[in-house]
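Chemist: build me a model from this:
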Amino acid sequence: MENGLNELQTSALEQIKNCTSASEIEGLRVKLLGKKGELTASLRSMKDLPAEERPLFGKRVNEVRDVLTEALDEKTKDLKRIEKEERLEAETIDITLPGKKCNIGGLHPLTRIYYELRDIFVSMGFSVMDGPEIEYDKYNFEMLNIPKEHPARDTQDTFYVSDDVVLRTHTSPVQIRTMLKQKPPIRMICPGRVYRSDDVDATHSPVFNQVEGLVVGHGISLAHLKGTLNTFLKEFYGEDTKTKFRPGHFPFTEPSAEVDATCAKCHGEGCGVCKGTGMIEVLGCGMVHPNVLRNCGIDPEIYSGFAFGMGLDRLATIKYGITDIRLLFENDIRFLSQFK
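Modeler: Numbers count the residues shown, from 1 in each chain. I've put the predicted structure just below:
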């Protein structure tokens, strides 16, 4: 019977050696060592042996089991290693070939303009404030010296959520909120999206982006306003930029002014963008009206201030020579990719 075990071991080792797949080796494991396997059958036949021979036979069965188990495990490892090597070889990447170029996005022109503008004003000591786009009529109009039925509302006819709530027509309500919460000195800008009931064309949109600024403190004068805006425009458009302040009218500032700057496209020579004048209107500004200061609990006999406002969309179209404001909102990748 021991000779039968030796033959089983020799035959099994040969079969293990010739296996070529994991499924084949697993089938052989069941055939040899399973509950109905050949080695298990040999162990069951031990009952036919004399009692004195059983211990030696059982020991020999266990030795054969250990040899076959080790051989099966080693063969399994070898087959897995070979399978892995074949898979890696099949998946080999030729690193000498050029890789596929990834398309990298870029900042939207309005975002680029805002970041540039923000950095200039922050470098001059301004803080950046934010506020809601759905605003109370009180903050959007009344506290800015624009009472109900005032004709100035006609130029900013807006979208009303209710009689007392509107989509803000400018970011000036953020100035009001700031003055109500913070005592002078104040030096801030407030960027954001605003809404007006305008027809859509090449130069108008019912939705656009604006940045307003406010400075309140002791002895603030028109000279401070002009110096601040001249510094900004020279940083933004170039050192050779010249400005012109023209009388204007805003209910929340007195005196008020419109500011023209050297055309960024022709640099003062005259072109279609500036209609041959060499200058182009860029923003409005003025000294904060005493009524606005009083509405916010600030004594105009002690404090004074100036404010200004500009459209980001207008600044972008002037700086980049964009002829149609609608291009900024259509998200055409062919247009936007030019500003990477």
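Chemist: Leu117: neighbour count?
Modeler: If you count neighbours by other CB atoms under 10 Å, Leu117 ends up with 20. No exception for glycine: its C-beta is placed from N, CA and C like everyone else's.
Chemist: next up, the contacts around it.
Modeler: The neighbourhood of Leu117, defined by CB atoms under 8 Å, 6 or more residues apart in numbering, consists of Pro191, Val211, Phe232, Phe236, Leu312, Leu315.
Chemist: tell me the spacing between it and Phe126.
Modeler: 10 Å (CB to CB, to the nearest Å).
Chemist: quick one: mean pLDDT for whichever strand or helix holds Tyr115?
Modeler: Secondary structure assigned from DSSP states H and E places Tyr115 in helix 109-123. Mean pLDDT, helix 109-123: 95.
Chemist: stretch 219-232 now?
Modeler: Taken as a whole, stretch 219-232 carries a mean pLDDT of 96.
Chemist: what residues of it count as buried?
Modeler: Neighbour counts using 16 or more other CB atoms under 10 Å place Ile220, His224, Leu225, Lys226, Thr228, Leu229, Asn230, Phe232 of stretch 219-232 among the buried residues.
Chemist: swap in stretch 331-340?
Modeler: For stretch 331-340, the buried set under the neighbour-count rule, 16+ other CB under 10 Å, comprises Leu336, Phe339.
Chemist: residue numbering should commence at 657 henceforth.
Modeler: That works, and once the first residue is 657, the last one we named lands at stretch 987-996.
Chemist: touching it from outside, list them.
Modeler: Applying CB under 8 Å, 6+ apart, the set of residues contacting stretch 987-996 from outside is Ile760, Gly761, Gly762, Leu763, His764, Pro765, Arg768, Tyr976, Leu983.
Chemist: not counting its neighbours along the chain, what's nearest Arg768?
Modeler: In space, Arg768 comes closest to Phe995 once its chain neighbours are excluded; the distance is 6.5 Å by CB to CB, 6 or more residues apart in numbering.
Chemist: tell me the pLDDT of the one you found.
Modeler: According to the model's per-residue confidence, Phe995 sits at a pLDDT of 85.
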